[in-house]
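Asker: next come a sequence and a model predicted from it.
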Amino acid sequence: DVRHEMALAVLHNARIKHYFSNDPLEPVMHFHVRVWYTQGMTRKGYLSDVSDDEWAFVAPYLTLMREDAPQREHSLREVFNGLRYVVRTGMQWRMMAHDLPPWHTVYQQTQRWLKAGVFEEMVHDLRMLMREINDRMQQPSAAILDSRTLQSTPDSGGRARWDGHKRRKGSKVHLAVDTLGQLLAILVTPANEQDRAQVGELARQIQEVTGDSVEIAFVDQGYTGDKPAAAAEAHGIRLEVVRLPTAKRGFVLLPRRWVVERSFGWMARFRRLVRDYERLAETLAGLHFVAFAMLLAHRFVTFMVQSA
């Protein structure tokens, strides 16, 4: 892909100084990265700002029109920094920092990016690159499914429902990840929806983005039953339920299943995703892709810079 070759060439030739963590594959994003920007910023940088190397990689995905287009009033990079600031800090759109582009500019451009699917494409490409770095096949053969319930807010309350198991009113985020914890598919439903009822749609999305490579999906006991198994089998995936030990005491780390729990932990570091602040379920799902794109781009670029 020409876009990837250009991005990688820029990464290899970047001449800026970085201080990264010692572990290039650390899955949790380090926001204390110090960067000397080469493009002459006129403001003091935020910890959530995109680095030069990361921007070299993500810019081809985000450029829906030319940078010098007459209707562009703000730097595309600064608009992206505004989105990263919101997702990382969880602040309201209308309370955007005064030295970033206006909130409505960042919000409107974010909606364009989400509708164009640029973050989904970025995450899927980065997932394949990171799998190669970890000596895995580009496309996974196994996935892990699970869900978490996000507390509703006044903005999302219209579609919120009661989750009797978690004793919380809100929305459910259903995730499918590979065995490295990287996002494959996501589905947002009211919190009263059963996990097992979403297996068919998640399986469809998984096979669509992986080219029908996934053969097995590990799930918890909330996915037991013939219907979810048949829904997964219809897409060529076999469900394997990882059960709790019969006599357990305290916390038990379940094989395979812990990977998706770690992915939920990664998302909890992005304060916009701690609760359901979005009026639209599609926006909530899209912001999960934004967060994973930030995580994986940082990991990939860190590896490339340190191995250069």
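Answerer: Received, thanks. Since the structure is predicted, the reported quantities are computational estimates derived from the model, not experimental observations. Residues are numbered from 1 along each chain as shown.

Asker: C-alpha from now on. contacts and neighbour counts both.
Answerer: Will do.

Asker: next one: D163 relative to D195, how far apart?
Answerer: Distance, D163 to D195, by CA to CA, to the nearest Å: 11 Å.

Asker: the two: who's more crowded?
Answerer: Counted by other CA atoms under 10 Å, D163 and D195 do not tie: D195 has more neighbours, with 23 against 20.

Asker: got a pLDDT number for the more buried one?
Answerer: pLDDT, D195: 93.

Asker: thought D220 was touching it, still the case?
Answerer: No: checked against CA atoms under 8 Å, the pair D195 and D220 is beyond contact range at 9.8 Å.

Asker: give me the common contacts of these two.
Answerer: Residues touching both D195 and D220 (CA atoms under 8 Å, 6 or more residues apart in numbering) are D146.

Asker: now T189, what's its secondary structure?
Answerer: At T189 the chain is in strand, as set by DSSP: H, G, I helix; E, B strand; the rest coil.

Asker: mind listing the residues bridging to it?
Answerer: Beta-bridge pairing for T189 (DSSP bridges): K172.

Asker: that one: neighbour count?
Answerer: Count around T189 with other CA under 10 Å applied: 19.

Asker: could you do the one 10 residues further on as well?
Answerer: By the measure other CA under 10 Å, the count of residues near V199 is 25.

Asker: pLDDT wise, what is it at?
Answerer: For V199, the pLDDT comes out at 96.

Asker: OK, contacts around it?
Answerer: 228, 231-232.

Asker: for A281, which non-adjacent residue is closest in space?
Answerer: Counting by CA to CA, 6 or more residues apart in numbering, V188 is the residue found nearest to A281 once chain neighbours are left out, at 6.0 Å.

Asker: can you report how many residues neighbour the one you found?
Answerer: When neighbours are defined as other CA under 10 Å, V188 has 21 of them.

Asker: that one against G286, yeah?
Answerer: No: checked against CA under 8 Å, the pair V188 and G286 is beyond contact range at 10.1 Å.

Asker: quick one: least confident helix or strand in this structure?
Answerer: Least confident helix or strand of the chain, by mean pLDDT, DSSP states H and E, is strand 18-19 with a mean of 30.

Asker: going along the chain, name the helices of the stretch 1-150 of the chain.
Answerer: Ranges of helices in the stretch 1-150 of the chain, per DSSP state H, counting those that start in this stretch, are 2-13, 52-62, 76-89, 103-116, 118-133.

Asker: could you dump those helices to a markdown table with mean pLDDT and distance to D146?
Answerer: Output for the helices of the stretch 1-150 of the chain, formatted as a markdown table (pLDDT from 0 to 100; distance: least, CA to CA, whole Å):
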| stretch | mean pLDDT | distance to D146 |
| --- | --- | --- |
| helix 2-13 | 48 | 32 |
| helix 52-62 | 93 | 29 |
| helix 76-89 | 96 | 22 |
| helix 103-116 | 95 | 23 |
| helix 118-133 | 95 | 19 |
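
Asker: among the ones you listed, which is the most enclosed?
Answerer: Counting by mean count of other CA atoms under 10 Å, helix 76-89 has the highest mean neighbour count of those, with a mean of 21.
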